[in-house]
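>>> here's my sequence, what's the structure:
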Amino acid sequence: MSVVVFILALGLLLPATAPAQTTDTAEDMPVSVTRLSDRVTQFSTAGDEPTVVTAIRSRRGIIVVDTERAPTFTAAIRRAIEAEVPGVIVYLINTHGHGDHTYGNQVFADATLIAHHNAIADMEVADRQRERLAQRFQAGIQGLKARYEAMDRDSQEAAALAATISYYEQFAAGLGESFELTLPDITFSDRLSLDLGDLTLELIWFGKAHTDGDVLIYCPEEQLLLTGDLFYSGGFPYVDSERVPSLGRWHETLTGLLQRDEGVTHVATGHEPSLPVSHLEAILEFVAEQQARFAGRESALNVFREVHEADGIASALDRLREMNARPDEFYVLHAEFDTYVYRLMLAEQLDEALEAFLVLAELFPQSDVAFDSLGEVYVRLEDTDSAIESFRRALELNPENENAARRLRELGG
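All right, here's what the predicted structure looks like:
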């Protein structure tokens, strides 16, 4: 889940005051509290898809799982935890390294921080992105303030915009100069078990999935499974060439959890209410189907990348056509090829990108994305007529393709 959130629940108005314990903190930020059991409580701030922070009370202290999108928001979460859950916070666990789960780590600097070893790289990437994110917020805030000045202050629209401005001021403040990158004290590569006296937490690396460092946290005494951003309602994990080798681990891990004598009652996600256990069973079935789908076949993208780097784009595209004609030996996933070529375009390798997007449109003639991407490279090449033609084809294939519709309006097509 991206840390950039641009939809705000109306009515949230955050003051700019700060408590003594943490700088740049909204004192009265509202926090939702959901009690799963006597020992497990979940907390979240307002906004669109906020990160769900879980506090687990044990004989040896409180364990907190994940933090919020900024230290400002996380400080409000910590105050709520201290009010609702008696005890000393001894551990903070990050389910993975994305900023919307780790930017608030500094608020729990007095606890021992645990994460998968691979999460460190994602935390460092998120830290490099943080300053640019804060700058984007600051620039956006100035534009919103200019709009607000022209509004009727008593209107509902003005109240909503004031709330949005206040929210992002707190967001940007939390990612500013007072931010401190807080990395784990303890890491592991496969599994880690925490004996907490009356409770046990089992941390299980899931394999390459949402990130390289996703961790499932299982508490048998509470029949609780914390999943971070691995699972969500209405969908299944994304599978591509990087993730296919991990399918066996996914299947083994989920099978082991569902077959546990203690069972699973609560499946807690990183941004939603708890999922039903039946969804976990559906994910396991999906994973088994994906294993069968890719068994015995090689990734066309991996071969394409090697040929491209060694012999250039023309040879790589010839090889792609060959592999696409041999589906029993190779799997060709359009989405990952589109991403690969899109990066060439963003790197200003426009001739290579055009050549590749033309082939992808040839191989995937019913994909609106193929023609939408082709239109984008034509825009950059200033070939307006070809861009219009490509975007029109994308809209014919999918009338709900918003980017194609927007581009046609911009191009007068």
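>>> the helices in the stretch 1-150 of the chain, which residues?
Listed in chain order, the helices of the stretch 1-150 of the chain (DSSP state H, counting those that start in this stretch) span 71-84, 99-102, 119-149.
>>> correction: the previous question concerned the stretch 201-350 of the chain.
Secondary structure of the stretch 201-350 of the chain by DSSP H, counting those that start in this stretch: the helices cover 247-258, 277-294, 300-311, 313-324, 334-346, 350-363.
>>> out of those helices, nearest to A126?
Of all the helices of the stretch 201-350 of the chain, it is helix 334-346 that lies closest to A126, at 19.9 Å by C-beta to C-beta. (C-beta placed from N, C-alpha, C; glycine too.)
>>> what's that closest one in contact with?
Residues outside helix 334-346 that contact it (C-beta atoms under 8 Å, 6 or more residues apart in numbering): 240-241, 300-301, 304-305, 320, 352-353, 356-357, 360, 363-364, 367, 369-370, 373, 376-377, 380.
>>> any of these buried? List them.
Buried members of the contacts of helix 334-346, counted by 16 or more other C-beta atoms under 10 Å: 241, 300-301, 304, 320, 352-353, 356-357, 360, 363-364, 367, 369-370, 373, 376-377.
>>> if we can go back for a sec, comparing the helices of the stretch 201-350 of the chain, which comes out most buried?
Among the helices of the stretch 201-350 of the chain, ranked by average contacts under mean count of other C-beta atoms under 10 Å, first place goes to helix 350-363 (a mean of 19).
>>> how far out from the middle of the chain is that helix?
In terms of C-alpha atoms, centre = their mean, to the nearest Å, the centre of helix 350-363 is set 29 Å apart from its chain centre.
>>> and that helix, what's its mean pLDDT?
For helix 350-363, mean pLDDT rounds to 97.
>>> pull the CA atoms of that helix into CSV?
Output in CSV follows, covering the C-alpha atoms of helix 350-363 (Å, rounded to 0.1, in the frame of the first residue of the first chain):
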residue,chain,number,x,y,z
LEU,A,350,12.1,6.3,-26.6
ASP,A,351,13.1,4.5,-29.8
GLU,A,352,13.6,1.2,-27.9
ALA,A,353,10.3,1.8,-26.0
LEU,A,354,8.4,2.5,-29.2
GLU,A,355,9.7,-0.7,-30.9
ALA,A,356,8.9,-2.8,-27.8
PHE,A,357,5.4,-1.3,-27.3
LEU,A,358,4.5,-2.0,-31.0
VAL,A,359,5.4,-5.6,-30.5
LEU,A,360,3.4,-5.8,-27.2
ALA,A,361,0.4,-4.4,-29.0
GLU,A,362,0.9,-7.0,-31.7
LEU,A,363,1.1,-9.8,-29.2
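>>> now do that helix against helix 300-311, angle only.
Here helix 350-363 runs at an angle of 150 degrees relative to helix 300-311 (axes from the mean of the first three to the mean of the last three C-alpha atoms, to 10 degrees).
>>> list the contacts of the helix or strand just after helix 350-363.
The element immediately downstream of helix 350-363 (helix or strand, assigned by DSSP states H and E) is helix 368-380. Here helix 368-380 makes contact (C-beta under 8 Å, 6+ apart) with 334-335, 338, 341-342, 345, 350, 353-354, 357-358, 360-361, 364, 384, 386-388, 390-391, 393-395, 397-398, 401, 403-404, 407, 411.
>>> which is the next helix or strand following helix 368-380?
helix 384-397.
>>> tell me the mean pLDDT over the following helix or strand past that next one?
Beyond helix 384-397 on the C-terminal side, the first helix or strand identified by DSSP H and E is helix 402-411. Here helix 402-411 scores 95 as its mean pLDDT.
>>> compute the inter-axis angle for helix 402-411 and helix 384-397.
Using the same axes, to 10 degrees: helix 402-411 against helix 384-397 is 140 degrees.
>>> circling back to that earlier point, quick one, which of the helices of the stretch 201-350 of the chain is nearest to L181?
helix 334-346 (26.7 Å).
>>> show me where pLDDT drops low in the stretch 51-200 of the chain?
Within the stretch 51-200 of the chain, no range satisfies pLDDT under 70.
>>> hang on, the earlier thing: as JSON lines, the helices of the stretch 201-350 of the chain with distance to A150 would be great.
Shown next, in JSON lines, are those (distance: least, C-beta to C-beta, whole Å):
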{"stretch": "helix 247-258", "distance to A150": "52"}
{"stretch": "helix 277-294", "distance to A150": "47"}
{"stretch": "helix 300-311", "distance to A150": "50"}
{"stretch": "helix 313-324", "distance to A150": "50"}
{"stretch": "helix 334-346", "distance to A150": "36"}
{"stretch": "helix 350-363", "distance to A150": "40"}
